[in-house]
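J.: no FASTA, just this:
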C-alpha cells in the first residue's frame, strides 16, 4: 500500500513536472490577462504608425483608428486622400443601428447637386473584400476553430481569416472593425461612407464589404450614441445626427496633439499567453474555464503612454 | 454534340428538379428573412406569458424581459418575488461596460446598514449555471457548429447549448441575455443584481453565472447608455446612475398597460427557414453567402400586435 502510494506520488510528481516543462517550453505559465499585460516587455508593444492612423474628431472627443493597408491598400490610400482634402469635415454620423453598426457619411450623399464634392480622392473603388493568402504576412493562428472560416488568427493587430484552399485571406467583422459602406454593386464603396461595428460580430459581412481599419481608442463615443429610429437605424431628424468636426491623419497633426498609443504585438509569445489567459480564465471569479475562445472575444491590448505612466486603454473584460 | 448537349440539359434539369424537391421536402425555399417573417402564420407566433414577463420601467421607457423558468426556476421565482415586494423600485443602473454588460443593482449593496431590505425574497441562491439535459425540452439544433459547446440551438425562444457527454444544457450568453450578477462564491448571486449583455457574446461566462431571461424589447434603452468611466464600467458619480422606476411582472400590470408582444416559435419549420435565411443571405446586397451562422447571430423575431398592425420589433439586421 505504501509502495503503491509512493508510486502514485512519483507518477503524480512526474506529471506535474512534465506539465511545468511543457508550459515553460510553450512559454505559457497560467497567468491572468492582467498578469500577462504586466509581464509584457517594451519590445512586446509597437507604436501606431502616424501615417496609418486616423483621428475622427467629434465634439465628445477623439476616436483613433488604425488603418490596415496590408488588407485594403486602395481604400486606405483613398480614405487618407479624402481626409487630407477635408472631405469628411462637417459630415456626420447618420446611423446608429443597435447591435450592428454606426455609420459616418454625407447626409446628402444621394443628392448629386448637394453632396460633398471630391477633388483628388475617388468616390468609388472596386471592393477589397479579401486578398491573396501570403504566408509572409504574420499570422498567429487561433486553434479554437471558427464557425465561419477554415482558419482564423491575428495579423499585426487585426483579426484575420484564411482559406488555404482558395488561397484567400481577409479581415473579420469583429467589434470595432471599420469598413467602407457600399450600395448593391460591389464597386460602389470606396471610403466616402464609413461604418464601425458596435455589436455582436456580424461575420455574415465578411468578404462582402471592405474592412480597412480598427478602432483602438474611443469606440464608446460611437457605441453609446442614441440608436436611430428609422429603418436600419438611420436618424430620422437632421438634428439627431452627430457632426464630424474633422477626420485627420495622425501624421498631419502636431506631435504634441497626437494620442500616443501602443498596440501589443500579436506576433510575440506574450500575445499567445494573452490568448491562453482568455481561453482559460485564471481570475478567482471564474468557476469553470471555457477551454476555447472565439476570435472576436480576444482583446488586442492598446495602451497610452503619457507622463511616464502606462495605462491599458482597451480594458480586457 | 447535340446528343451530348441534350444529355447535359437532361442532367441539369434533373438536378434542378431534385434541388427543388429537396427544398420542398425540407420546407426551405430560398427566402429572405423579411419573406420568411411575412410568410409566418398566426400559429408560428406565441404570446408572452404575463407571469413570466418582466417590465423594467425607466424614465426613458420600458424594457421587456422574457423569463426562462425551464433553465433557472429558482432565480425566476426569486426575481418575481423581489419584484412583487418592490425590491428593485428606486434602485439603479450602476454600470455600463462597453462591449460587455449593463448592470442593475442596489448602489448601497456593499453597505449592510444602508442596503435595501428584503422581505420574502432571498438575497442569495445557489447558482443555476446549467441543468440536466432533458430531451423532452424543445431543441432546434443549429448545424453550423460552435466554438464553445458541443451542441447549440434554440429552445422556446432562447439560445441554448448542450453537452450530451456530461448530460447538461444551459443558456448561452448572447446579446440581450439577462443574468444574475454574483460575487466570487458561486452561491452569491440570486437576482438582487441583474446584468444584460450589450456586446459581443461573452461566452466565457457560460456556466459561470445564472442566466434567467432575455430582453425582447427595449434593449436600446440599455445599450446606448453612456459608458461608466470607473473600473469595469461602473459609474463613478451617483448622479450618472440611471434610476429604475420599477420592475414589475406583466401579470400584475393592468392588461391595457401591458406591451402586447409575440415571439416567433423556435420549434416550427418557419424558424428553420429563418435560420437558413440568415445562414445564406438572399438579399440582393449580399455578394457572397456565408454558408454558416453563429448561434448569437440568429435573431429571434418579436412582434408587437397593436391596432391590428403587425410590426416586427426586433428588426433582423
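T.: Sure thing, it's come through. What you see is a predicted model, and the numbers here were worked out from it, not measured in a lab. Numbers count the residues shown, from 1 in each chain, chains lettered A, B, ... in the order given.
J.: make it CA atoms for all contacts and neighbour counts henceforth
T.: OK.
J.: Please report the distance of the nearest residue to residue A:313 once chain neighbours are set aside from chain B.
T.: Using C-alpha to C-alpha, 6 or more residues apart in numbering or on different chains and skipping residues adjacent in sequence, the residue nearest residue A:313 is residue A:303, 5.2 Å away. Distance, residue A:303 to chain B, by C-alpha to the nearest C-alpha, to the nearest Å: 15 Å.
J.: tell me the secondary structure for residue A:303?
T.: In terms of secondary structure, residue A:303 is strand; the call rests on DSSP: H, G, I helix; E, B strand; the rest coil.
J.: I'd like the average pLDDT over stretch A:189-198.
T.: Stretch A:189-198 carries an average pLDDT of 98.
J.: whoops, stretch A:34-54 was the one
T.: 96.
J.: Also stretch A:238-246?
T.: Stretch A:238-246 shows a mean pLDDT of 98 in the predicted model.
J.: ok, what's across the strand from the residue nearest to residue A:313?
T.: Beta bridges link residue A:303 to residue A:262, residue A:312 when assigned by DSSP bridges.
J.: and it, how many neighbours?
T.: 22 (other C-alpha atoms under 10 Å in any protein chain shown).
J.: residues from the stretch 201-317 of chain A in reach of chain B?
T.: Selection of the stretch 201-317 of chain A residues close to chain B by C-alpha under 8 Å from any C-alpha of the partner chain yields A:201-202, A:204, A:206-208, A:220, A:223-227, A:232, A:279, A:284-294, A:296-297, A:317.
J.: one more time with 7 Å, if that's ok
T.: A:201, A:204, A:208, A:220, A:223-227, A:284-288, A:290, A:292-294 (C-alpha under 7 Å from any C-alpha of the partner chain).
J.: How about the stretch 1-150 of chain A?
T.: Residues of the stretch 1-150 of chain A lying close to chain B (C-alpha under 7 Å from any C-alpha) are A:98, A:144, A:145, A:146, A:147, A:148.
J.: so which two of the residues you listed are the farthest from each other?
T.: With C-alpha to C-alpha as the measure, no two of the residues of the stretch 1-150 of chain A next to chain B lie farther apart than A:98 and A:144, at 28.4 Å.
J.: Looking at those two, which one has more neighbours?
T.: Neighbour totals were compared for residue A:98 and residue A:144, and residue A:98 leads with 27 against 17 (other C-alpha under 10 Å).
J.: How about the more buried one, nearest residue that isn't a chain neighbour?
T.: Closest to residue A:98 by C-alpha to C-alpha, 6+ apart is residue A:227, at 6.1 Å.
J.: Please flag which of the residues of the stretch 201-317 of chain A next to chain B sit within strands.
T.: Residues of these located in strands (DSSP state E): none.
J.: buried subset of those residues?
T.: By neighbour count, with 16 or more other C-alpha atoms under 10 Å in any protein chain shown, those hold A:201, A:204, A:208, A:220, A:223-227, A:286-287, A:290, A:292-294 as buried.
J.: and the two most separated of those residues?
T.: Within those, A:208 and A:287 form the most distant pair, 39.2 Å apart (C-alpha to C-alpha).
J.: Tell me where the stretch 51-200 of chain A has strands.
T.: For the stretch 51-200 of chain A, the strands defined by DSSP state E, counting those that start in this stretch cover A:53-58, A:61-67, A:92-96, A:101-105, A:131-132, A:140-141, A:151-155, A:158-163, A:168-171, A:177-180, A:194-197.
J.: Any chance of a markdown table for those strands, columns mean neighbour count and distance to residue A:267?
T.: Formatted as a markdown table, the strands of the stretch 51-200 of chain A follow (neighbours: other C-alpha atoms under 10 Å in any protein chain shown; distance: least, C-alpha to C-alpha, whole Å):
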| stretch | mean neighbour count | distance to residue A:267 |
| --- | --- | --- |
| strand A:53-58 | 21 | 20 |
| strand A:61-67 | 22 | 17 |
| strand A:92-96 | 25 | 34 |
| strand A:101-105 | 25 | 29 |
| strand A:131-132 | 15 | 20 |
| strand A:140-141 | 20 | 6 |
| strand A:151-155 | 23 | 7 |
| strand A:158-163 | 23 | 11 |
| strand A:168-171 | 22 | 16 |
| strand A:177-180 | 26 | 20 |
| strand A:194-197 | 24 | 24 |
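J.: Out of those, which gets nearest to residue B:265?
T.: Closest approach to residue B:265 among these (C-alpha to C-alpha): strand A:101-105, 27.6 Å.
J.: Indicate the residue of the stretch 201-317 of chain A located nearest to chain B.
T.: For the stretch 201-317 of chain A and chain B, the shortest gap (C-alpha to the nearest C-alpha) falls at residue A:224, measuring 4.2 Å.
J.: any idea how far that residue is from residue A:98?
T.: 10 Å (C-alpha to C-alpha, to the nearest Å).
J.: next one: residue A:209
T.: 19 Å.
J.: ok, residue A:116 - contacts?
T.: residue A:106 (C-alpha atoms under 7 Å, 6 or more residues apart in numbering or on different chains).
J.: hang on, I meant residue A:48
T.: A:261, A:262.
J.: what do you get for residue A:140?
T.: A:153, A:154, A:155, A:266, A:267.
J.: burial count for residue A:52?
T.: Residue A:52: 18 surrounding residues under other C-alpha under 10 Å.
J.: Name the nearest residue to it, sequence neighbours excluded.
T.: Nearest non-adjacent residue to residue A:52 (C-alpha to C-alpha, 6+ apart): residue A:67, at 5.1 Å.
J.: who are the neighbours in contact with that neighbour?
T.: So residue A:67 contacts A:52, A:53, A:76, A:212, A:213, A:214 (C-alpha under 7 Å, 6+ apart).
J.: from those residues, which ones fall inside helices?
T.: Judged by DSSP state H, helices contain the following of the contacts of residue A:67: residue A:76.
J.: give me the number of residues near the closest residue in space to residue A:63 that isn't next to it in sequence?
T.: Excluding the flanking residues, the one nearest residue A:63 by C-alpha to C-alpha, 6+ apart is residue A:218, at 4.5 Å. Residue A:218: 19 surrounding residues under other C-alpha under 10 Å.
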